[in-house]
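Student: Give the three-dimensional model of this entry:
(2 chains)
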Amino acid sequence: MTDWYETFEYDVVVIGAGGAGLRAAIAAAEAGCAVGLVCKSLLGKAHTVMAEGGIAAALGNVDPQDGWQVHFADTMRGGQMINDYRMVEIFAKEAPERVYELERWGGLFDRTPEGKILQRPFGAHTYRRLCHVGDRTGLELIRTLQDKAVHSGITVHMEVTFTRLLRDAERIAGAFGYRREDGRFVVFKAKAVILGTGGWGKVYKVTSNSWECTGDGCAMAYEAGAELMDMEMVQFHPTGMVWPPGVRGILVTEAVRGEGGILRNAKGERFMERYDPKKLDLSSRDVVSRAIYKEVQAGRGSPHGGAFLDISHRGAEVIKKKLPSMHEQFLKLADIDITRSPMEVAPTVHYVMGGVRVEAGTGASTVPGLYAAGEVAAGLHGANRLGGNSLSDLLVFGKRAGEHAAAYAKAVRTLPAVDGRQAAAERALLQRPFDASGGENPFTLHEELQDVMGTYAGIARTGEQLAEGLQKIVALQKRAEQLHAGGSMLFNPGWHACRDVRFMLTLCEAIFRSAIERKESRGAHWRLDCPDQDPTWGARNIVVAQSDGRMQVSTRPVPPVPADLTRLVRQGA
Amino acid sequence: MAEARFHVFRGYAKHGDLVTYQVPITEGMVVLDGIHYIQAHLDGTLACRWNCKAAKCGSCSAEVNGRPRLMCKTRVDEFGARPITVRPIKVFPLIKDLVTDVSWNYRVNQQIPPFTPDANDPGPWKMYPEDVERLYEFRKCIECFLCQDVCHVLREHEGMDRYMGPRFMVRIAALEMHPKDTRSRTDLLKGSGGIGFCNITKCCEEVCPEHIHITDNAIIPLKERMADDYFDPWRALLRLFGGKKEPRGT
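Tutor: Residues are numbered from 1 along each chain as shown, chains lettered A, B, ... in the order given. Take a look at the predicted model:
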C-alpha cells in the first residue's frame, strides 16, 4: 500500500520557504522540533526575494518621535479599521526586535551617518520607517534567513508541491503532494503544519507576482475546512511597469517615490495634488492606484495607459546607489535610463490582504494543527496594506506561528494517523489530466481566468460586473474538469499547471463571492455602485468556508478596538 | 507577425536534441517569453525553471547561443534574424530540458561556517556606511550559478570535489569582511574550499548578471587572507591557538 508514495515524518512541516516559512521553520527548530521545510522552487527563490523597498519597523533611528503607537495607528488607518487590532498591536511592538535580530544573523541595512540602521519614508507611514538596503531588501532578508535556517537543523525539501492537507478527523495529519522533478508522490506526516505559502496574484494577468503565487496554500486550507477572510481585498500597487508588453506588471518599487519620485499625467500635471494634497505621491497604495486609474479614464494617461514617474531630478549618483535594481531593470528591459527619463507606470496586482483566518497571537487557523503566517494569513492589513509592512509581517508572525505550532506539536500525545484514502483520492485527481478524454489546455484556462479577474474584479467594481464575473468563473471551473496534460510526470509544467488552475479558480470564486457581499467601498475594494464607506460593513469581516461541498459566505465581527488604542488612531489622523 | 526561430534542447541526461519552434515576436520580448510561448501553445511539457521574470531571483539560467545568461534578461531583438539556441547550463547534471540538478551548490553552502558575531555584543550595532557598503556587492548575488557554469575548474576539470566555485568565494568574502563576524574561514578556503585552484581568468565576472567583481573584489582578497594566515609566521602561530579572525586593515 505504501510503495506508491514516499513518506517523511516531522513534528512540524512548514510549507513555503519565503520570509514567513523560513522564519517559522527557524522558530520551530529552536523550540526543539524536527522540522521539514518544503518549497515549490529552489531555496532562496521565493517571491520574498522581489520585495524591494524595505521593512517597516518603528526603530525611530531617523525620526525619534516614531514608536509602536504611531506604527499601530498608521497600519490601522491604512487598513481602514477592519484589521484585527490585536495582530496590529503585536506587529507594531515586535517589528523592531525582528529587524535587529535579522542584523544579528548577518543581514545588512543602509546606515545613518551615526552608524544606525537608516530608515526611508514610504506611503502612509507618518515617519521615516523603512529599514532597507537599496532596493533589494527582500533578497537580503531571504538570504539572511536562508543561511540561518540551513544551520538550524531544518531539513529542506526543494521543488516539492503539496496539493492536499491530510487530516485525522478534525485535526491536521500532514500533507500530500509530488516531487516536481520526477512526479513521485510524497506524504509528509506531521503533528502541525504551517502555511507560509504567500499570495495568489497570478489570478490576474497584470501582476508583480512570480509564477509560484497561485495560492495553493490558501486553497488547500479552504479544502481542509479552514475559514478564509477578507478575500475581496486585493492590492493594486500603483506602480508596475507598462511597456514593453512582456514586462507589464513587473514592480516599480514604492521606494522610487520614497526617494522623491513624482507622478505626473500626460499633461505634465502632478495629479496627486488633487487626490491627496497632504501625502501627495506617498499616499496609501489604494488611493494612488485609484488616482492613476481615474487619470487614465479621464484621457490624461501616458501612451500605454498609465502615468509617468520621474526620479531623474535626484541625479544619477543617488539613483544608482538607492535604486540600483530599478535602474538596471528599466535599462535592460525597457531601454530607459531612469537617471534621465521618466518611467511609465500603471497599477499592478501586488498583494492579497485576505487569506486564512488566524488567531491573532498564534497564527492558528480554524483547523487544529494548521497555522498560517505572512501573505497567506488574513487580519493584519485589513482593507489595504502599507508598503514595508509585509516584510515585518513575515518576521513577526512567522516567528510566532513557528513557536505556537511547535508548542502544539509537543502537546500532541498521539501522532495523527494518515488516511491513505485521502492521499489516493488526491492522486486520482492529479492523474486525471493524463486521461485522453479531457481537451482543455491549462495555460489557456489560466489566461482566461486572468482575463475574467482583470475585467470583472479589477480596481473599479460594480455588483453587476462581479455577479457576471462569478458566473464566468463557475463556467471555467466546469471546464477545468476536462484539463489535459501530455507527456509524463517527469518535470512537466503543463501537468503542474492543471492543479494550479484548479486552486486559482477556487480563490477566484472566493474573491467574487466576498466582493459581491461587501456593498461599500473600503481600501482596495472600490465599488462604483456603493462609492462610500458604510459603518455597518466597517464592523464586519467577510468569511468564506466550505460546507457540504459548497462555498458559504458569512461575516464575523471585527474585533472592537479598545478605547486607548482607538485614541492612538484618532490622534494622528 | 515576425517570428523568431528557437532551437531548444529537449531531453534527459542520456539522450536529447535540439527541437525547433517558431515563436511570434512581440516588442521588447525576452528569451523567457519565448520559452513560455512554447509551453503554452506548442508543448506544455517543456521544462524550465523561472520565478520572478525580473532578474531578481536567478532561476532561469541557461546557455543562450552558447553564452550563459538569465533568460528573463536576454532580449530577443539582440539576435536580429539569427536563430536562438537555448541549452541547459552545462556544468550541472541534467534533469530534463533546461532544468539541471543544482543541489551540489546547496550542499556546498551548508559547509561554510555561518555568520558568527561576538555573543557578548547583542546590539543594536553601530556600523558606519563605509563598513557595510563594500559588502553590498557580494550580497547582491542572486545565486543564478552562471559563474559556477563558466568556472574552468568546475566546467572543464570537473573540480567539484576540490573547489567550491566563484559563487561561494563571494559568499565567504561577504562573511569574512563583515565587520561583526569573528570567525576565520581561511582554513576552509585552503582546504575543501579550494581557493588555490582558481587561476583568476575572470570568466565568472563576465557572466555575472549582477556585475559583481568576483575575482578582483572577492577571490583575490581572500587569496591574500589565506596567504597571510598560512605563510606569515606570526599569523600562522596565532592561528594555531585561535581560529579567530585577525583584525585587518581592509
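
Student: Setting the sequence-adjacent residues aside, check what's closest to the closest residue to chain B within the stretch 251-400 of chain A.
Tutor: Nearest to chain B in the stretch 251-400 of chain A, going by Cβ to the nearest Cβ, is residue A:332, at a distance of 5.6 Å. (Glycine included, C-beta is placed from N, CA and C.) Once flanking residues are discounted, residue A:332 sits nearest to residue B:73: 5.6 Å by Cβ to Cβ, 6 or more residues apart in numbering or on different chains.

Student: cool, and residue A:466?
Tutor: What sits nearest to residue A:466 in space, not counting adjacent residues and going by Cβ to Cβ, 6+ apart, is residue A:516, at 4.7 Å.

Student: Spatially central residue for chain B, please.
Tutor: For chain B, residue B:145 is the residue whose C-alpha lies nearest the centre (Cα atoms, centre = their mean; 3.2 Å).

Student: out of everything not next to it in sequence, what's closest to residue B:199?
Tutor: Using Cβ to Cβ, 6+ apart and skipping the chain neighbours, the partner closest in space to residue B:199 is residue B:152 (7.5 Å).

Student: number of nearby residues for the one you found?
Tutor: Residues lying near residue B:152 (other Cβ atoms under 10 Å in any protein chain shown) number 15.

Student: How about residue A:524?
Tutor: 28.

Student: Just to check, it is in contact with residue A:236?
Tutor: Yes. At 6.7 Å, residue A:524 and residue A:236 qualify as touching, with contact defined as Cβ atoms under 8 Å.

Student: Residue numbers of the stretch 151-300 of chain A in contact with chain B?
Tutor: Contacts of the stretch 151-300 of chain A with chain B, taken as Cβ under 8 Å from any Cβ of the partner chain, map to A:151, A:156, A:158, A:181, A:210-212, A:243-247, A:250-251.

Student: Mark which of these are buried, thanks.
Tutor: Buried subset of these (neighbour count, 16 or more other Cβ atoms under 10 Å in any protein chain shown): A:151, A:156, A:158, A:181, A:210-212, A:243-244, A:246-247, A:250-251.

Student: now residue A:295: how far from residue A:288?
Tutor: According to Cβ to Cβ, to the nearest Å, residue A:295 and residue A:288 sit 11 Å apart.

Student: With neighbour numbers in mind, choose between those two.
Tutor: Comparing residue A:295 with residue A:288 by other Cβ under 10 Å, the one with more neighbours is residue A:288, at 29 against 24.

Student: what's the domain layout of chain A?
Tutor: A:238-348, A:420-540 (automatic domain parsing).

Student: which one of those lies closest to residue B:80?
Tutor: Nearest to residue B:80 among the domains of chain A is domain A:238-348; the distance by Cβ to Cβ comes to 16.1 Å.

Student: Any idea how far that closest one is from the middle of the chain?
Tutor: Remark: domain A:238-348 is offset 22 Å from the chain centroid, using Cα atoms, centre = their mean, to the nearest Å.

Student: Could you give the average pLDDT over it?
Tutor: Average pLDDT, domain A:238-348: 96.

Student: quick one: the strands in chain B?
Tutor: With strands called from DSSP state E, chain B shows them at B:3-11, B:16-24, B:61-64, B:67-70, B:84-87, B:94-96, B:99-100.

Student: Looking at the ones you listed, which one is packed in the most?
Tutor: strand B:61-64 (a mean of 24; mean count of other Cβ atoms under 10 Å in any protein chain shown).

Student: mind checking which helix or strand of chain B has the lowest mean pLDDT?
Tutor: Least confident helix or strand, chain B: helix B:233-241 with a mean of 71, by mean pLDDT, DSSP states H and E.

Student: For the closest residue to residue A:118 other than its chain neighbours, list the residues it contacts.
Tutor: Closest residue in space to residue A:118, ignoring its immediate chain neighbours: residue A:110 at 4.2 Å, by Cβ to Cβ, 6+ apart. The contact partners of residue A:110, by Cβ atoms under 8 Å, 6 or more residues apart in numbering or on different chains, come to A:117-118, A:132-134, B:129, B:132.

Student: change it to 7 Å
Tutor: A:118, A:132-134 (Cβ atoms under 7 Å, 6 or more residues apart in numbering or on different chains).

Student: Check what pLDDT it gets.
Tutor: 97.

Student: Whichever residue of the stretch 301-450 of chain A sits closest to chain B: how many residues sit nearby?
Tutor: Among all residues of the stretch 301-450 of chain A, residue A:443 sits closest to chain B, at 3.7 Å; criterion: Cβ to the nearest Cβ. Residue A:443 has 19 neighbours, counted by other Cβ under 10 Å.

Student: With that, I have no additional questions.
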